[in-house]
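Undergrad: Below are the sequence and a predicted model for it; my questions follow.
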Amino acid sequence: MYAVFGNPVDKSLSPFIINQILDIETKKLTLNSKNISVNDFLTLIYKENISFGNVTYPYKEIFANFSDILVFPANILKSINCFKIVDKKILATNTDGEGFFLGLKTIYSKIYYNLFNNPTIFILGSGSTAKSITLSAIRRGFFCYILSRDPKSKFTEFSKTKRVKVINYEEAISCLQIKMPNLIISTLPFSIKKVISFNNLTEKKRDTKKNKVMEFDNRFNIENIDINFRDFVLSLCKYNLDDSDNNQYNYRKNSSNKSSFDIFESNYQSEANLNKKEIEELKITDLNIHNGLAQLIGQAILSIKFFTGINFSNESKIKEIYAQCEKYINSATENNNR
């Protein structure tokens, strides 16, 4: 029996991907408390007859503490995304980082190999997924700028390497004038599209004391987005929106930026149901925003290798699963829109 643990997991694609390779019963198990104990976890595993599984937000670091053996790179990251039961012991590892680059190399090969010409990556966020991707990146010789609102208290695991620099979003804007990243990876829980698509805003207020921009949107429910983060995202666009004229948004050319950026979002469910006007608005920004489906498939393939010892990471198989997942997602979207 396979299971994916998290909250929420109702829309998780992991069981679907697992069943593209393994003929096994799968379950989605929603955990309602962060205070779950190792005994509660083991009781649930044995009750459901689970042999292996994946772990998602917000339990990656919690479940790492439950594990008897942390296999590299989980022993460094202290977070996991997959586990298996062997002789009544929990063995666990983390395939998020390697899965990202496996998916990138297979589905976006041109972008992947171009990284070796300009090995600079901006990573947005500082959680467990960001750390896993960073570790995999520096092992390939890439240089990572980690963008965080609170850079001083984050990423202590990489304090001894010169290939990782943690900066805030205001510093990132200045950095763009000197060093253009070849790739931007967002591990944030919301889509950057929500920040860019200002046509959705119904009301906007600035709270300078808290350095927040309060943005209210009935569809996206965006609140408390850091002003510097929003300004950083807009600085990536060839054309972005100017709100200086009585809060009326108008397009202006961003003369300092002549590059088109590829942004990968680790959340594969980040696609928004945009209307035609909003789609055109995003095209004008000239940002290539990709969801995290390739990463999800990559980490699932490596999870299966951890579970079974069998390597399914050949290009044709990954592309086949990618096509099946896209078909599945499109079908689910059509059903939800009916």
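TA: The structure has been received and is ready for your questions.
Undergrad: which residue ranges form the helices in this protein?
TA: Using DSSP state H, the helices of the chain run over 14-21, 38-48, 60-66, 74-77, 96-107, 109-114, 128-139, 169-176, 192-196, 227-235, 276-285, 293-308, 315-337.
Undergrad: In terms of secondary structure, what does the third one contact?
TA: So the one you mean is helix 60-66. Helix 60-66 is packed against helix 38-48, strand 89-93, with contacts defined by 3 or more C-beta pairs under 8 Å, 6 or more residues apart in numbering; DSSP states H and E. To be clear about C-beta, it is placed using only N, CA and C from the backbone, and glycine gets the same treatment.
Undergrad: quick one, the first one and strand 89-93 angle?
TA: Between the direction of helix 38-48 and that of strand 89-93, the angle (axes from the mean of the first three to the mean of the last three C-alpha atoms, to 10 degrees) works out to 100 degrees.
Undergrad: could you measure Ser235 against His290, distance?
TA: 20 Å (C-beta to C-beta, to the nearest Å).
Undergrad: again, but for Asn117
TA: According to C-beta to C-beta, Asn117 stands 20 Å off from His290.
Undergrad: neighbour-wise, which of these two wins?
TA: Applying other C-beta atoms under 10 Å to Asn117 and His290 shows that His290 carries more neighbours, namely 19 against 7.
Undergrad: Wait, that one touches Tyr268, no?
TA: No - contact criterion C-beta atoms under 8 Å: His290 and Tyr268 do not qualify, at 9.7 Å.
Undergrad: And the chain, split by domain according to the record?
TA: 2-94+295-337, 99-290 (automatic domain parsing).
Undergrad: which stretch in those has the least confidence?
TA: If you rank the domains of the chain by mean pLDDT, domain 99-290 sits at the bottom with a mean of 74.
Undergrad: ends of that domain, how far apart?
TA: Criterion C-alpha to C-alpha, to the nearest Å; first-to-last residue distance in domain 99-290 is 15 Å.
Undergrad: and if you look at stretch 63-77?
TA: Start-to-end span of stretch 63-77 (C-alpha to C-alpha) is 12 Å.
Undergrad: how far out from the middle of the chain is it?
TA: Here the centre of stretch 63-77 is set off from its chain's centre by 20 Å, with C-alpha atoms, centre = their mean, to the nearest Å.
Undergrad: How about stretch 310-329?
TA: A distance of 19 Å separates the centroid of the chain from that of stretch 310-329, by C-alpha atoms, centre = their mean.
Undergrad: can you pull the buried residues of it?
TA: Residues 312-313, 317-318, 321-322, 325, 329 are the ones in stretch 310-329 that count as buried (16 or more other C-beta atoms under 10 Å).
Undergrad: cool, and stretch 303-311?
TA: For stretch 303-311, a neighbour-count test (16+ other C-beta under 10 Å) marks 303-307 as buried.
Undergrad: Please enumerate the strands of the stretch 151-300 of the chain.
TA: 164-167, 183-186, 203-207, 212-216, 225-226, 239-245, 248-253, 261-265, 287-290 (DSSP state E, counting those that start in this stretch).
Undergrad: helices and strands around the second one, which ones?
TA: Pointing back at strand 183-186 there. Checked by 3+ C-beta pairs under 8 Å, 6+ apart, strand 183-186 has strand 120-124, strand 261-265 packed alongside it.
Undergrad: Which elements pack onto the last one?
TA: With contacts defined as 3+ C-beta pairs under 8 Å, 6+ apart, the packing partners of strand 261-265 are strand 183-186, strand 287-290.
Undergrad: pull the CA atoms of that strand into CSV?
TA: Listed in CSV are the C-alpha atoms of strand 261-265, where the atom choice follows Å, rounded to 0.1, in the frame of the first residue of the first chain:
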residue,chain,number,x,y,z
PHE,A,261,13.0,35.2,-17.6
ASP,A,262,12.0,31.6,-17.1
ILE,A,263,10.3,31.1,-13.7
PHE,A,264,9.5,27.7,-12.4
GLU,A,265,7.0,27.4,-9.6
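Undergrad: what sits up against stretch 38-57?
TA: For stretch 38-57, the surrounding residues in contact (C-beta atoms under 8 Å, 6 or more residues apart in numbering) are 1-7, 9, 12, 14, 27, 29, 63, 65-66, 80-85, 90, 92, 189, 300, 303, 306-307.
Undergrad: Return the set of residues that bridge with the nearest residue to Pro15 once chain neighbours are set aside.
TA: Among residues not flanking Pro15 along the chain, Thr26 sits closest, at 3.6 Å (C-beta to C-beta, 6 or more residues apart in numbering). Per DSSP bridges, the residues bridged to Thr26 are Tyr2.
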